[in-house]
Structure formats: structure tokens, C-alpha cells
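Student: my questions concern the predicted model and sequence given below.
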Amino acid sequence: MKEKIKAYLKRYFIDAMGAMAQGLFASLLIGTIFNTLGTYLGLDFLCEINNSAKAVTGAAIGVAIAYSLKAHPLVIYSSAAVGYLANALGVTIGDKNPTAGPAGAFFAVIIAAEIGMLVSRRTKVDILVTPTVTILVGFGAARLLCPGIAYLMYYLGEFVNTATELQPFFMGIIVSVVVGVVLTLPISSAALCAMIGITGIAGGAAAVGCCCQMVGFAVCSFRENKWNGLVSQGLGTSMLQMGNICRRPQIWIPPTLAAAVCGPVSTMVFKLKCTGVSAGMGTCGMVGPIGIITDSGTEGVTWAGVALCCIVLPAVVSLAVCEIMRKVGWIRFGDMKLDT
């Protein structure tokens, strides 16, 4: 029984959620990067690409999730329509119209894909039956679940954003540490931030926390992994260390302490801001810092804050803590070695 539960948790909350993050990156995130470059360089066609990429976010999520579930081709293609619908479906709260977003697409596509697989390749008219069942089930699931999800995500995001404005020191620590830890876990911090609509200085703290994990592990493990490890973790993902963390959990302490230090510096000193999915990306492709600059402005204080909170302090604090732990024997050479 325990094995089945673990298998289902892995299938839906690791594999499917990881795929959702890839769908987000291949649409909304890459579009955001293009938009930032287009705005700064005066290249309008890049901004147009962003508009198109953003419009198909739900469809990209749907295809990615269905593919991760090893669905048949017709189920995967039909899941694009389900994801598109669920991502855009929402409610009206006052003068705002929050949508279920990636969270709505996540649940609706999983239900649609699993039901679609029950009928896929079972009839001689599969080309009609499979898309019909998958889309209708997905439509029903979206209509049933997405309004509630939209309410939940909206008010959760409002709570985090408002609480951080009221208590920037403590919430700066909490948001930075929690989102940073989620980034390193085999789930998606980008998806989490997009789901709850994190914004403002709470989003800035989240982005900084993610940067701390990636930069922290990159510099702490440099003696073991050299330049390849520095690039793969610093610009790729700190998730590469999960195997080592399972064996030696204490290696997670340096970057996590760095997040606890940098979070309140971001919220109280520089008041860095970031929105949505960019807040959960860290230095992956430099999306986090780019997102902060886009949302906070291009003033000198923003650039200084980004350099300090996203790169310099994470590296210095993580390395200092790591070296102390190495001297007392809590971290040993090879503990952070990556498989090559």
C-alpha cells in the first residue's frame, strides 16, 4: 500500500508538476525573457513573440503534463485544449478577475488525461472517441474545480503578499527560505509562484531565496565539481544536489541560511520586487534577476540589490557557512560531488 502511495505521489506531484514547470518555461517564461530583451533593445518582434508564447501557456502545460503521464498521442494533443481552457478559467472578485492558472490546468489535465487513457485505443473509431472523452472530461473538471482553485490561489497569494508588506523582516525570511527549498526539491517553485500569484516584495524575496540555493550550491561544491558544476547549478538548477542531500542532509544548511539572510535584506533594504513564475526561477537562465529588474525598475539601487542579494551575498554567506562546517567535519569532501 505504501509503495502504491509513493508511486502516485511521484507520478502526480513530482513528474507531472515538474512537467508543468517545463511547459511554463517553454511558453510563459521564455516569452518573458523575449519581452524583457525586446523592451530594452527596442526589438518589437520579441515583444510580439512574448504575446504569442503567453497566450499558449495553458496548452503547453497540458501537453507537458499529459506527456509526463505517458499518455497516448491523441490524449496528449487533446490535453492542449484542456490546459488552455483550465488555465484561463477563473472568477470575478470585486474589480479583479483571477484565473485558476497553472494550478487549474494541472488538476484538470491530470483528470482528463487519466480518463482519456481508459478509452484510448479501445475502439475502431479512436480518432473520434479519445479526443471527445478527453476534452469533455477536462471541460467538466475545469468547470467544477477551477473557480474554487482561483479563489484559493488568489487569497493565498494576497495573504503572502500582504503579510510580507506588513512584516517584511519575518516574512522575508519565511518566503525566501520556503520557496528556495521548494526550488531544490523535485517539484516546481516556478509553478508554485505562478499558482499563488506572488508579487511585490514577496516575489522579490522568493526570487532571492531561489538564487541563494543555486548560487550557494554552485560555490560550495566548486572544489568537487569545478566549472561544470558551477555552471550547471548556478545557471541550471540546484535540484542536481537532491541525491546528495538525501545522503547528507546537512549540505543543505549553507544555502538555506544564505536565503534566511538575503530574504530580509531584499524586502527591507532594497525592496526588490518580482512577479509570478519569474520569482520561482532563481538564476536559471538569469530569469529571476531579469524578472526583478523588470518589476523593480532599472535604477542603480535595483542593480545593486540584484547583484548583492542574488549573487554576492548568497555566494559569500553560503561559502562561509560551508567552510565552517567542513572544518568541524559536518561536511566532507565529496559530499556534494555530482555524477558526471
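Tutor: Received, thanks.

Student: let's verify the closest residue to L319 other than its chain neighbours: helix, strand, or coil?
Tutor: Ranked by Cβ to Cβ, 6 or more residues apart in numbering and with sequence neighbours excluded, the top spatial neighbour of L319 is V219, at 5.1 Å. (C-beta placed from N, C-alpha, C; glycine too.) Judged by DSSP: H, G, I helix; E, B strand; the rest coil, the three-state class of V219 is helix.

Student: could I get the pLDDT score of V219?
Tutor: In this prediction, V219 carries a pLDDT score of 95.

Student: do you know how far it is from V316?
Tutor: Going from V219 to V316 by Cβ to Cβ, to the nearest Å gives 9 Å.

Student: looking at the two, which has the bigger crowd around it?
Tutor: Neighbour comparison, V219 and V316: the larger count goes to V219, with 23 against 16 (by other Cβ atoms under 10 Å).

Student: residue contacts, that one?
Tutor: 230, 234, 315, 318-319 (Cβ atoms under 8 Å, 6 or more residues apart in numbering).

Student: mark which of these are part of helices, please.
Tutor: 230, 315, 318-319 (DSSP state H).

Student: and stretch 162-173, how far from the chain's centre?
Tutor: Between the centre of stretch 162-173 and the centre of its host chain there is 21 Å, according to Cα atoms, centre = their mean, to the nearest Å.

Student: brain fart, stretch 320-340
Tutor: Taking Cα atoms, centre = their mean, one finds stretch 320-340 lying 27 Å from the centre of the chain it belongs to.

Student: could I get the average pLDDT for that stretch?
Tutor: Computed over stretch 320-340, the average pLDDT equals 90.

Student: that one: which residues count as buried?
Tutor: 321-322, 325-326, 331, 335-336, 338 (16 or more other Cβ atoms under 10 Å).

Student: ok, so of those residues, who is nearest F13?
Tutor: Distance to F13 across the buried residues of stretch 320-340 (Cβ to Cβ) is lowest for L338, with 24.5 Å.

Student: now name the helix or strand holding that closest one.
Tutor: For L338, there is no enclosing helix or strand under DSSP states H and E.

Student: one step back: CSV please, covering the ones in helices among the contacts of V219 and showing distance to L9.
Tutor: Formatted as CSV, those follow (distance: Cβ to Cβ, whole Å):
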residue, distance to L9
L230, 32
A315, 34
S318, 30
L319, 35
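
Student: nearest to V160, of these?
Tutor: The closest of the ones in helices among the contacts of V219 to V160 turns out to be S318 (Cβ to Cβ; 24.9 Å).

Student: spit out the contact partners of that closest one.
Tutor: 212, 215-217, 219-220, 254-255, 257-258 are the contacts of S318 under Cβ under 8 Å, 6+ apart.

Student: please name the nearest non-neighbouring residue to the residue most central in space within the chain.
Tutor: By Cα atoms, centre = their mean, the chain has its centre lying nearest to A190, at 1.2 Å. Counting by Cβ to Cβ, 6+ apart, G280 is the residue found nearest to A190 once chain neighbours are left out, at 3.7 Å.

Student: okay, now G18: neighbour count?
Tutor: Residues near G18, counting by other Cβ under 10 Å, number 18.

Student: measure the residue lying closest to R143 once chain neighbours are set aside to G58 for me?
Tutor: Residue nearest to R143 in three dimensions, not counting chain neighbours: L89, with 7.3 Å by Cβ to Cβ, 6+ apart. Counting by Cβ to Cβ, the separation of L89 from G58 is 9 Å.

Student: give me the more crowded residue out of those two.
Tutor: Between L89 and G58, G58 has the larger neighbour count (other Cβ under 10 Å), namely 30 against 22.

Student: spatially nearest residue to the more buried one (excluding sequence neighbours)?
Tutor: Take G58 and drop its neighbours on the chain: the residue closest to it by Cβ to Cβ, 6+ apart is N87, 2.7 Å away.

Student: shouldn't the one you found be in contact with G104?
Tutor: Yes: with contact defined as Cβ atoms under 8 Å, N87 reaches G104; the gap is 6.2 Å.

Student: next up, phi/psi of D335, please.
Tutor: Per-residue torsions, D335: phi -60, psi -30 (degrees, to the nearest 10).
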